[in-house]
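Q: Okay, predicted coordinates and the sequence, questions at the end:
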Amino acid sequence: MTRKLNIAVIGTGGIVNAHMPGWIDAPHAQVVTGYDQVPAAAQAWAAKYGIPKVAGSVEEILADKSIDAVDICVPNRAHAPIAIAALQAGKHVLCEKPLAPTPEEVRQMIAARDASGRMLMTAQHFRFGGSARALKAEIDRGALGNVYHARSWMLRRNFLPTRPGFIQHALSGGGVTIDIGVHILDLTLWMMGHPRPVSVSGSTRTVLARQPGAFSSWNTRSDIPREMDVEEMATAFVRFENGATLILEVSWMLHHAMPNGKIEDMQMWLYGDRAGARWPTCELISANNATSQFYSTTLGLLDAPNAPHKQECLDFAKAIIDGAPSPVPAEHSLQVIAILDAVYRSQKEGREIRLDG
């Protein structure tokens, strides 16, 4: 293919602004249209980025045979219906995380992908940063050996997103678990090589957001909307078929000290039989049994000239042009969502959830 891919954006507010630098600089793609259920938002987006056309509906975009791919940036509950329709219309799909709120919806998206022969990619942007790629390269070279345990967390202090698409279950399908839990869990499973999960014991809570005067510092300090009906915190213990284990913690509203100048504390610790690793500092920790000495090394980061959100769009377009596999396969997202769905089920049923039945 010598011409550029024609991209249509569906959902022109919020996260799409992080995608646009990628589309603007993409040598293989160009955004030619977009749609938003708020027409004024779509018009403002088009004017800001010089997009020549605004569509009147999703159906108009999907019926346009000149559109090669869609970038889906709408609330979670709308991901699967739009993605499936787009794949059936012969479009490639880049979809914001979570790919869908439930495993069954992800399976339906995979089936639509397979029937269409088009690409389906989840926008898990943390995979595209220099620190993540540097650590993944070391792990793939065997630096840690067999990874048998991991600890991962993404914690915020009074930093709860206040838009309905995040905090109303009818739109989001869940709270912090599938908002930011999906980020750190996807990254951890990618580093571990995607071992098969067999059981999950989890808990979800909403404590601080319900206190009188509870506030969020999202954008500006504001009261937490009364319409919020999702969890603010989740914890989980996961067992894998290969014997490995994982402890996961995520929160929007925890009394937790933040790193200097940061809005969140996001860390991943991996423990292997040759060495351990800490992300995002990219430290490798080991010991020499012959000399009884400890070692700690900080990796040099791989060159990452682009912001992760930008890079994921560039890589999506290039993979289509090259006929390469999806940079973030939907099967990876299915594994992530199966675990997070089990966290919700474990909380509801008060027991460990088996995933190997």
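A: Structure's in. What do you need?
Q: low-scoring pLDDT stretches of this protein, where are they?
A: 1-2, 301-303 (pLDDT under 70).
Q: how does it divide into domains?
A: Here the domain parsing of the chain from automatic domain parsing is 5-126, 129-306+337-354.
Q: Out of these, the one nearest P327 is which?
A: domain 5-126 (5.9 Å; CB to CB). For every residue, glycine as well, the C-beta is placed using N, CA and C.
Q: ok, how many other residues are close to P329?
A: 17 (other CB atoms under 10 Å).
Q: ignore the last one, G243
A: By other CB under 10 Å, 11 other residues sit near G243.
Q: In contact with it, which residues?
A: Residues near G243 by CB atoms under 8 Å, 6 or more residues apart in numbering: Y148.
Q: Please report how far it lies from I339.
A: According to CB to CB, to the nearest Å, G243 and I339 sit 17 Å apart.
Q: Report the separation between T204 and G174.
A: 9 Å.
Q: got any residues that touch both of the two?
A: Common neighbours of T204 and G174 (CB under 8 Å, 6+ apart) are E231, Y344.
Q: Need the winner for burial among the domains of the chain.
A: A comparison of the domains of the chain by mean neighbour count, using mean count of other CB atoms under 10 Å, puts domain 5-126 on top with a mean of 20.
Q: Measure how far it is from the centre of its chain, please.
A: 16 Å (CA atoms, centre = their mean, to the nearest Å).
Q: mind checking the end-to-end distance for that domain?
A: Using CA to CA, to the nearest Å, one end of domain 5-126 lies 24 Å from the other.
Q: go on, stretch 21-30?
A: Start-to-end span of stretch 21-30 (CA to CA) is 11 Å.
Q: To which secondary structure element type does T291 belong?
A: coil (DSSP: H, G, I helix; E, B strand; the rest coil).
Q: ok, now how distant is it from E283?
A: 20 Å.
Q: cool, I15 as well?
A: In terms of CB to CB, I15 sits 30 Å off from E283.
Q: cool, E231 as well?
A: Distance from E231 to E283, by CB to CB: 32 Å.
Q: Check the gap between the nearest residue to D273 once chain neighbours are set aside and S152 for me.
A: Of all residues not flanking D273 in the chain, G145 sits nearest, at 4.3 Å (CB to CB, 6 or more residues apart in numbering). Distance of G145 to S152, given as CB to CB: 19 Å.
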